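Novice: Structure here, sequence nowhere to be found:
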């Protein structure tokens with residue numbers, strides 16, 4: 001049972017993806033850790049936030065809003081062209097259907113006229129044949145008249161057959177043309193609807209551009225609201241937004257990895273693994289994605305390819321790959337797995353460089369320090385190890401055992417380092433999981449985040465919800481500006497929590513429709529995504545509301561009152 005995903009205990013035992021939150025330069029002290037002793041002292045609850053500078057203005061958010069608006073405008077233009085093309089095709093189909101119907105009508109009218117003429121000729125022939133005369137000359141004239149009438153009748157009869165064949169062919173072609181016409185009408189309706197939606201989307205992005213130009217926005221968790229949802233066919237367990245802000249990426253219960261365009265919502269499936277992709281990371285220096293799967297393999301992908309294919313597919317660990325992190329300079333990738341090993345790979349060659357051995361239990365998470373000099377790994381029992389990337393030496397241990405328990409009744413492990421992140425400035429790092437477990441079988445415990453000081457290794461706070469919420473904290477992230485820490489988790493229901501660094505209780509929280517297993521911040525610092533068990537990746541906004549959003553919210557409140 002040790003280290004395996006235990007659905008009986010708490011949904012499915014999974015980890016949160018550790019993301020490198022971007023930031024400015026590091027303090028020299030951050031590269032100089034304290035001695036190699038473990039930090040075993042009791043957690044110290046900070047009375048005041050470590051960083052109390054208030055919300056940070058995010059001028060870069062305007063750039064991302066402008067990029068999104070430009071992209072949305074381009075999509076609207078493309079869709080408008082598609083509408084025009086379909087409209088032209090429909091116009092042509094309408095003309096063809098009308099021509100066929102007119103042709104049928106004219107042919108039928110001509111058939112009626114020719115039929116009447118044929119009847120007259122037949123009557124003439126009958127009259128001639130019945131007329132008798134003793135005059136040979138008259139009889140000869142009658143024979144000539146009869147021959148002429150017969151010849152004309154044959155001609156009319158042949159023309160009638162041709163007209164009837166023409167009508168038959170036209171009537172046979174009409175249903176197919178009408179079917180094409182009906183399909184084009186449906187396509188036009190759908191295309192016009194999509195155009196209207198894209199115009200609305202474009203307008204929404206333009207509103208953010210205008211809003212952010214007036215004043216650089218700041219992220220405020222009290223304003224959190226869902227702004228988009230991306231659905232999949234399987235439960236989602238990991239997510240990340242790339243540094244360009246173009247894509248939301250997610251791994252699911254299945255071998256397909258998902259890449260959603262944040263503006264168009266188009267989904268591209270990356271196929272190459274044969275099992276769940278639980279961990280992945282994205283390079284900040286180039287559009288490179290590296291995924292790790294439960295089959296024990298890691299794969300390299302060109303993130304911006306139209307239809308990405310694995311550039312490398314490497315057998316990395318015996319058992320699950322549970323952790324993947326790319327170094328800040330993009331040259332190295334570290335992985336951790338069920339074989340209790342941490343491995344260092346060359347990004348360029350996909351060759352193994354070093355193996356770090358020292359964990360006695362499955363490695364659940366790995367993360368590069370922003371300096372690139374250090375690597376930290378966490379395992380099933382909450383043991384945290386800091387490694388020197390260049391020498392491969394173990395530098396020191398950290399104690400994260402508060403998020404682990406061995407259940408003596410069921411003889412199973414529960415907990416571990418489910419999520420991990422390091423602040424952009426490299427001064428703090430956080431891990432998360434489940435603490436104070438009272439019922440391992442039902443997964444009943446308290447979602448817990450442990451905050452550490454990087455330099456001293458000291459535990460600064462144990463952060464938990466301020467209510468009686470039970471479950472596991474699956475993912476944790478520092479806001480890019482270190483204004484707050486966000487975490488997600490749940491059991492039968494889901495939550496997002498926000499803490500000021502160093503405070504033990506959240507200052508804001510948000511209910512989620514399903515249990516979220518991972519989260520990430522958009523590089524604009526205003527948006528964040530969560531990967532949920534109900535097969536949905538949700539995008540939230542923490543910035544100021546646009547006039548349209550305010551109007552919609554007011555309208556919603558008025559409806560509730562009625």
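Specialist: On my side now, so go ahead. Just so we're clear, the structure is a prediction, and the values are computed from it rather than from any experiment.

Novice: what's the neighbour count on residue 151?
Specialist: 11 (other Cβ atoms under 10 Å). The C-beta positions use only the backbone N, C-alpha and C, and glycine is treated the same way.

Novice: mind checking how far the longest strand anywhere in the chain is from the chain centre?
Specialist: Scanning the chain for the longest strand, with DSSP state E as the assignment, gives strand 428-439. How far strand 428-439 lies from its chain's middle: 28 Å, per Cα atoms, centre = their mean, to the nearest Å.

Novice: got it, and stretch 332-350?
Specialist: 26 Å.

Novice: what mean pLDDT would you report for that stretch?
Specialist: Taken as a whole, stretch 332-350 carries a mean pLDDT of 98.

Novice: For that stretch, list every residue counted as buried.
Specialist: 332-345, 347, 350 (16 or more other Cβ atoms under 10 Å).

Novice: Over to stretch 467-477?
Specialist: Neighbour counts over stretch 467-477 (16+ other Cβ under 10 Å) mark 469-477 as buried.

Novice: In strands only, show me these.
Specialist: Using DSSP E, these in strands are 472-477.

Novice: hey, where'd the helices end up in this structure?
Specialist: With DSSP state H as the criterion, the chain has helices at 7-10, 60-130, 136-214, 547-561.

Novice: Out of those helices, which is closest to residue 531?
Specialist: Smallest distance to residue 531 across the helices of the chain (Cβ to Cβ): 16.4 Å, for helix 7-10.

Novice: out of the ones in strands among the buried residues of stretch 467-477, what pair is the most spread apart?
Specialist: Pairwise distances across those peak at 16.0 Å for 472 and 477 (criterion: Cβ to Cβ).

Novice: is it true that residue 379 touches residue 358?
Specialist: No: between residue 379 and residue 358 there is no contact under Cβ atoms under 8 Å: 9.6 Å.

Novice: Which one of these two is surrounded by more residues?
Specialist: Per other Cβ under 10 Å, whichever of residue 379 and residue 358 has more neighbours is residue 379, with 26 against 15.

Novice: For residue 74, grab the count of nearby residues.
Specialist: By other Cβ under 10 Å, neighbour count at residue 74 equals 14.

Novice: my bad, residue 356
Specialist: 22.

Novice: Same question for residue 366.
Specialist: Here the number of neighbours of residue 366 (other Cβ under 10 Å) works out to 30.

Novice: Kindly report the same for the one 5 residues further on.
Specialist: Residue crowding around residue 371 was assessed by other Cβ under 10 Å; the count is 18.

Novice: In the stretch 251-400 of the chain, what residue spans correspond to strands?
Specialist: Ranges of strands in the stretch 251-400 of the chain, per DSSP state E, counting those that start in this stretch, are 257-261, 267-270, 277-282, 288-293, 297-302, 312-315, 321-326, 332-337, 341-346, 352-357, 363-368, 374-379, 383-388, 394-399.

Novice: between those, which gets nearest to residue 114?
Specialist: strand 267-270 (61.1 Å).

Novice: neighbouring strands for the closest one, and are they parallel or not?
Specialist: When sheet partners are counted by DSSP bridges, strand 267-270 sits next to strand 257-261 (antiparallel).

Novice: Just the mean pLDDT for the strand it pairs with, thanks.
Specialist: Strand 257-261 shows a mean pLDDT of 97.

Novice: quick one: contacts of it?
Specialist: Strand 257-261 is contacted by residues 230, 232, 236, 246-252, 266-273, 277, 280, 291, 303, 308, 537 when judged by Cβ atoms under 8 Å, 6 or more residues apart in numbering.

Novice: What angle do helix 60-130 and it make with each other?
Specialist: Strand 257-261 runs at 90 degrees relative to helix 60-130, counting by axes from the mean of the first three to the mean of the last three Cα atoms, to 10 degrees.

Novice: what angle do strand 257-261 and strand 297-302 make?
Specialist: In terms of direction (the same axes, to 10 degrees), strand 257-261 departs from strand 297-302 by 30 degrees.

Novice: so what pLDDT did residue 220 get?
Specialist: 96.

Novice: Please apply the same query to residue 112.
Specialist: pLDDT, residue 112: 90.

Novice: nearest to residue 502, of the helices of the chain?
Specialist: helix 60-130 (25.6 Å).

Novice: tell me what that closest one is packed against?
Specialist: Under the contact criterion of 3 or more Cβ pairs under 8 Å, 6 or more residues apart in numbering; DSSP states H and E, helix 60-130 touches helix 136-214.

Novice: Packing partners of the helix it packs on?
Specialist: Under the contact criterion of 3+ Cβ pairs under 8 Å, 6+ apart, helix 136-214 touches helix 60-130, helix 547-561.
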